[in-house]
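Chemist: Structure, please.
(one chain, ligands or ions: 1)
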Amino acid sequence: MLDVGSFTSAAGIWRRGDEMDRQVRFPIPAYVIETAEERILVDTGLHPGAAEDAARHYGSDALGMFELELDASVDQRIDLSTITKVVMTHLHFDHAGGLALLPASVPIIIQRREWVAGHDPAAVKKNFFLMADYRTVDEQIVLVDGDHDLLDDGSIQLLLTPGHTPGHQSVRIGERLVLGGDVTHFASGLDDHRFPAFADDFRAQAESADRLRALRDAGAVVRPGHDPEVLVPGPVTL
Ligand SMILES: [Zn+2]
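Modeler: This is a model prediction of the structure:
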């Protein structure tokens with residue numbers, strides 16, 4: 001896990017029932033999966049310009065509710081020229097911001113539903129997508145539909161887990177590790193379904209959480225999206 005930023009925000013926005021007058025710092029993770037032949041980046045964190053001054057970077061105050069902080073951008077953490085593929089869990093700014101930093105030759109794998117939603121004005125508005133994050137990467141996009149065997153050998157499975165956004169996906173690595181993305185921000189969300197205050201489809205999100213919970217109950221480690229207690233940068237140990 002790479003630490004590619006954080007956002008500090010009212011607790012109650014991010015977990016139903018938490019206090020609105022308490023500020024919490026939420027880590028923003030990205031991951032590198034290394035195999036013999038591949039070096040796969042999962043999500044890309046904040047754009048450095050957004051972290052510095054989100055209103056100026058995006059030309060609007062769409063992120064005024066966040067106090068964005070940059071710990072280190074993804075290109076300071078790893079040499080992006082060594083990355084062979086990028087998997088996007090979804091298009092929110094804290095996952096897609098670093099796309100603009102990638103070399104133009106790197107394929108970016110995303111669910112078709114998410115990509116279509118990212119270009120539909122009503123879905124963009126509903127989901128707080130910021131098109132500046134992904135406007136420059138059209139040529140690199142590889143669309144997948146539903147669950148997908150990323151390397152054609154069963155080792156890495158992309159799991160369609162919609163709800164938080166229309167085409168959100170999670171990443172299953174082997175039998176024992178799942179990068180859940182933002183299906184739940186907190187590990188406890190798999191059980192209590194206390195999701196953030198906003199979602200594309202809460203019912204779909206609950207079904208996706210149940211799907212990941214079943215994998216956890218069968219013995220997998222499921223990494224949550226932004227849980228400050230769980231997400232410690234460095235090698236992920238099982
Ligand atoms: Zn997120």
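Chemist: ranges for the helices of the protein?
Modeler: All helices of the chain, identified by DSSP state H, fall at 11-14, 48-52, 54-58, 74-77, 93-96, 112-117, 121-126, 189-192, 202-217.
Chemist: can you redo the ones you listed as JSON lines with mean neighbour count, mean pLDDT and distance to the ion?
Modeler: For every residue, glycine as well, the C-beta is placed using N, CA and C. JSON lines is the format used below for those (neighbours: other C-beta atoms under 10 Å; pLDDT from 0 to 100; distance: least, C-beta to the ion, whole Å):
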{"stretch": "helix 11-14", "mean neighbour count": "17", "mean pLDDT": "93", "distance to the ion": "9"}
{"stretch": "helix 48-52", "mean neighbour count": "20", "mean pLDDT": "87", "distance to the ion": "13"}
{"stretch": "helix 54-58", "mean neighbour count": "17", "mean pLDDT": "89", "distance to the ion": "15"}
{"stretch": "helix 74-77", "mean neighbour count": "18", "mean pLDDT": "83", "distance to the ion": "14"}
{"stretch": "helix 93-96", "mean neighbour count": "27", "mean pLDDT": "96", "distance to the ion": "4"}
{"stretch": "helix 112-117", "mean neighbour count": "20", "mean pLDDT": "98", "distance to the ion": "13"}
{"stretch": "helix 121-126", "mean neighbour count": "12", "mean pLDDT": "97", "distance to the ion": "16"}
{"stretch": "helix 189-192", "mean neighbour count": "19", "mean pLDDT": "98", "distance to the ion": "13"}
{"stretch": "helix 202-217", "mean neighbour count": "17", "mean pLDDT": "98", "distance to the ion": "13"}
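Chemist: and the lowest-mean-pLDDT helix or strand in the chain with the ion, contact?
Modeler: Here the helix or strand of the chain ranked lowest by mean pLDDT, DSSP states H and E is strand 67-69, holding a mean of 79. No - Strand 67-69 lies apart from the ion when judged by C-beta under 5 Å from the ion; the minimum separation is 12.1 Å.
Chemist: That strand pairs with which strands?
Modeler: strand 2-10 (antiparallel) (DSSP bridges).
Chemist: Tell me how far the strand it pairs with lies from the chain's centre.
Modeler: How far strand 2-10 lies from its chain's middle: 12 Å, per C-alpha atoms, centre = their mean, to the nearest Å.
Chemist: which outside residues touch that strand?
Modeler: 19-32, 43-46, 51, 65-74, 77-78, 94, 98, 233 (C-beta atoms under 8 Å, 6 or more residues apart in numbering).
Chemist: With stretch 47-56 instead?
Modeler: 5, 57-58, 61-64, 66, 68-70, 73, 93, 97-98, 100-101, 133.
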